[in-house]
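this one's structure only:
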């Protein structure tokens with residue numbers, strides 16, 4: 001995958017298929033300590049302990065739409081190529097936690113990509129899903145919570161086209177302010 005936001009989209013889609021009602025996405029960029037961390041936690045069905053190691057195998061998937069499951073295997077390989085790691089923890093009935101770590105300045109690390117568009121896509125097709133997105137750049141932090149947005153909207157649906165436009169613009173502006181234009185590199 002050409003950027004990390006596509007990996008995030010794929011993993012979040014896995015969470016949705018596991019019937020998660022809440023997904024927490026944390027992206028931590030620390031240039032001075034030379035690391036990028038992506039954490040995705042959900043409250044979905046979880047994975048049996050026996051199957052936990054199998055899910056990073058590209059030839060194992062629980063999806064009915066295809067016979068291979070490349071998402072986690074590709075993310076693990078990408079992290080490994082960038083002197084990083086992928087850790088997966090899950091409890092059946094409790095949810096799944098994923099943590100991918102990359103050396104920030106590694107030549108093979110893909111760019112972060114279009115996080116606002118990725119989140120807007122997920123929200124547009126899953127309006128009832130709660131998403132908490134935290135982005136930490138050096139020591140500054142930005143938090144976006146769909147529950148808070150829904151509260152302000154009252155009767156208007158979060159996936160209304162004008163709301164989605166606002167969300168994407170809001171995310172872009174805040175990420176630019178957070179990192180002074182450094183995000184997506």
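Great, that's in hand. Here the structure is a predicted model, which is why all the values come from computation and not from measurement. Numbering: from 1, shown residues only.

residue 167 contacts residue 122, correct?
No: with contact defined as Cβ atoms under 8 Å, residue 167 and residue 122 do not form a contacting pair (10.6 Å). C-beta coordinates here come from the backbone N, C-alpha and C atoms, glycine included.

buried ones in the host helix or strand of residue 164?
Under the criterion of DSSP states H and E, residue 164 resides in helix 161-179. For helix 161-179, the neighbour count (16 or more other Cβ atoms under 10 Å) marks 163-164, 167-168, 171-172, 174-175, 178-179 as buried.

ok, now stretch 83-103?
Buried, per 16+ other Cβ under 10 Å, within stretch 83-103: 83-84, 86, 88, 90, 95-103.

need these in JSON lines (columns: pLDDT and distance to residue 27).
Formatted as JSON lines, those follow (pLDDT from 0 to 100; distance: Cβ to Cβ, whole Å):
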{"residue": "83", "pLDDT": "97", "distance to residue 27": "18"}
{"residue": "84", "pLDDT": "97", "distance to residue 27": "14"}
{"residue": "86", "pLDDT": "95", "distance to residue 27": "15"}
{"residue": "88", "pLDDT": "93", "distance to residue 27": "17"}
{"residue": "90", "pLDDT": "92", "distance to residue 27": "21"}
{"residue": "95", "pLDDT": "96", "distance to residue 27": "19"}
{"residue": "96", "pLDDT": "95", "distance to residue 27": "17"}
{"residue": "97", "pLDDT": "96", "distance to residue 27": "15"}
{"residue": "98", "pLDDT": "96", "distance to residue 27": "12"}
{"residue": "99", "pLDDT": "98", "distance to residue 27": "11"}
{"residue": "100", "pLDDT": "97", "distance to residue 27": "10"}
{"residue": "101", "pLDDT": "98", "distance to residue 27": "11"}
{"residue": "102", "pLDDT": "98", "distance to residue 27": "11"}
{"residue": "103", "pLDDT": "98", "distance to residue 27": "15"}
